[in-house]
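No sequence on hand, only this structure:
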């Protein structure tokens, strides 16, 4: 089969247009402006999964022979499912050129990646963590991604969503902190109240001592 010299570029441009018309659920992807053979993607953690609320940045590196050869797939954001900055061994990656189908598009690759991410099947490049750990990674992923200049340049809308979520999170934490302080203040008596209480105790004790002394003197007098 003859291959055009720029078949990868032409095909990836075609896939990009298709992806814009029909986006993959939970995933956004953009090629580098300077190199269409390297794409970056962001997975938004699906609802009712340990990844909910998280944003996961990764990249696809396509060979010049694409679509006749598969891409390398990487995950950059710590996530609890895959090792970071390591090639992932998936049936849609360059680890399995024998199972690769040239008809598969970028959308097919991203769909397959998300599907495998939500599974627990082990593979080369995967790690085992608890759902609690994955939720912790999801929580931490927001600030982690904002530190990545390339992420911010490629996904400005996602950056805005993350910043809004962090602001909401901080506001909620501040309200909770203020409520906690209010409860602590209400449960503790003021210094004036403490002084009055202590004074009453002292007066009461003195009155009790005086009464006891008086009774003892009266009893002694009657005995005489």
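Alright, I've got the coordinates. Note that the structure is a prediction, hence the values are computed from the model and not measured.

Direction included, what does the lengthiest strand in the chain pair up with?
Using DSSP state E, we find that the single longest strand of the chain is strand 35-44. Each strand paired with strand 35-44, and its direction, by DSSP bridges: strand 27-32 (antiparallel), strand 55-61 (antiparallel).

Next, count neighbours for the spatially closest residue to residue 26 that is not a sequence neighbour.
Nearest residue to residue 26 in three dimensions, chain neighbours excluded: residue 44, at 4.8 Å (CB to CB, 6 or more residues apart in numbering). Backbone N, C-alpha and C define where each C-beta goes, glycine included. Neighbourhood size, residue 44 [other CB atoms under 10 Å]: 18.

and if you look at the one 10 residues further on?
Per other CB under 10 Å, the neighbour tally for residue 54 reads 26.

So it sits against residue 144, correct?
No: applying CB atoms under 8 Å as the test, residue 54 and residue 144 come out as separate, 9.6 Å apart.

Mutual contacts of these two, please.
Shared contacts of residue 54 and residue 144, defined by CB atoms under 8 Å, 6 or more residues apart in numbering, are found at residue 77.

tell me which helix or strand of this protein sits lowest on mean pLDDT?
Ranking every helix and strand in the chain by mean pLDDT, DSSP states H and E puts helix 191-223 at the bottom, with a mean of 56.

What helix or strand is residue 111 located in?
If you go by DSSP states H and E, residue 111 is part of helix 106-118.
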